[in-house]
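Q: what follows is a predicted protein model with its sequence.
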Amino acid sequence: MNNLQILEITPERMADYEAISPAFEVREMLAVFTPGDGLGGIHLVPQRVVTPYIKDYDAFGPPRLWLAEFNTANWGFFLAEQEGLPVGAAAVAWNTNGVDMLEGRRDLSVLWDLRVRPEWRKRGVGKALFQYAAAWSRSRGCVMMKIETQNINLPACRFYVAQGCVLGDIRRFAYRHIPEAADEVQLNWYFRL
């Protein structure tokens, strides 16, 4: 991808970050089966949804809320630009109290968010942002990067596998307190740096 630039940005450019929609259409998902109530293992099986729908993670709160909820002094915010047009963005959390996903470790980062404008998806922007986030994490002494997705985001799951990530955790009831996501399953992927 010619002329793609990845810029590390400050929170003052969060409006440019938020202008990139993370929304996608859910057409298929990973259905979770637990034969023998789990004694027979856990099976994730791609399955079409009956009625496709749009999932927009920003509907739960835009990225600017991260700045109010967490001390983001140790976070990295990145913007991918093509000839000055923001086409993708990513955020990485590291060494931050109150971020449970970090497991209290200083050698672990969390790819908190990765988004690409719909018309720029499948053109290498996400891969470039992922690689930049991994290099940023490595430069801070991290040995692993963790990424959260959901079973309804099969394109993201496939993307992270293609980048070399492995599924480490499946939390079937992680979102039970969120009515709009109560049936979703949290999938945590890990990437060795």
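A: Looks like it arrived, so ask away. Not measured: the values here are computed from a predicted model.
Q: look up which residues are beta-bridged to the most centrally placed residue in the chain.
A: Most central in the chain under Cα atoms, centre = their mean is D113, positioned 4.2 Å from the mean C-alpha point. Listed by DSSP bridges, the beta-bridge partners for D113 are A91.
Q: per-residue pLDDT, it?
A: Looking at D113, its pLDDT is 98.
Q: the longest strand seen in the chain pairs with which strands, parallel or anti?
A: Assignment by DSSP state E gives strand 43-55 as the longest strand of the chain. In the sheet containing strand 43-55, its partner strands are strand 24-33 (antiparallel), by DSSP bridges.
Q: how close does V125 sit to R117?
A: Distance of V125 to R117, given as Cβ to Cβ, to the nearest Å: 8 Å. Glycine gets a C-beta too; all of them are placed from N, C-alpha and C.
Q: scratch that, A89 is what I was asking about
A: Plainly put, A89 is 9 Å away from R117 if you go by Cβ to Cβ.
Q: these two: which has the busier surroundings?
A: The neighbour count for A89 versus R117, taken as other Cβ atoms under 10 Å, is higher for A89 (29 against 19).
Q: can you pull the contacts of that one?
A: D16, Y17, I20, F77, F78, L79, A80, D113, L114, R115, L129 (Cβ atoms under 8 Å, 6 or more residues apart in numbering).
Q: out of the residues you listed, which are inside strands?
A: Taking DSSP E, the ones among these that sit in strands are F77, F78, L79, A80, D113, L114, R115.
Q: by neighbours, which of those wins?
A: Among the ones in strands among the contacts of A89, the one with the most neighbours (other Cβ under 10 Å) is A80, at 27 neighbours.
Q: what's the burial count for the nearest residue to F78 once chain neighbours are set aside?
A: Leaving aside its chain neighbours, F78 sits nearest to A90 (4.7 Å; criterion: Cβ to Cβ, 6 or more residues apart in numbering). The tally of other residues near A90 (other Cβ under 10 Å) stands at 26.
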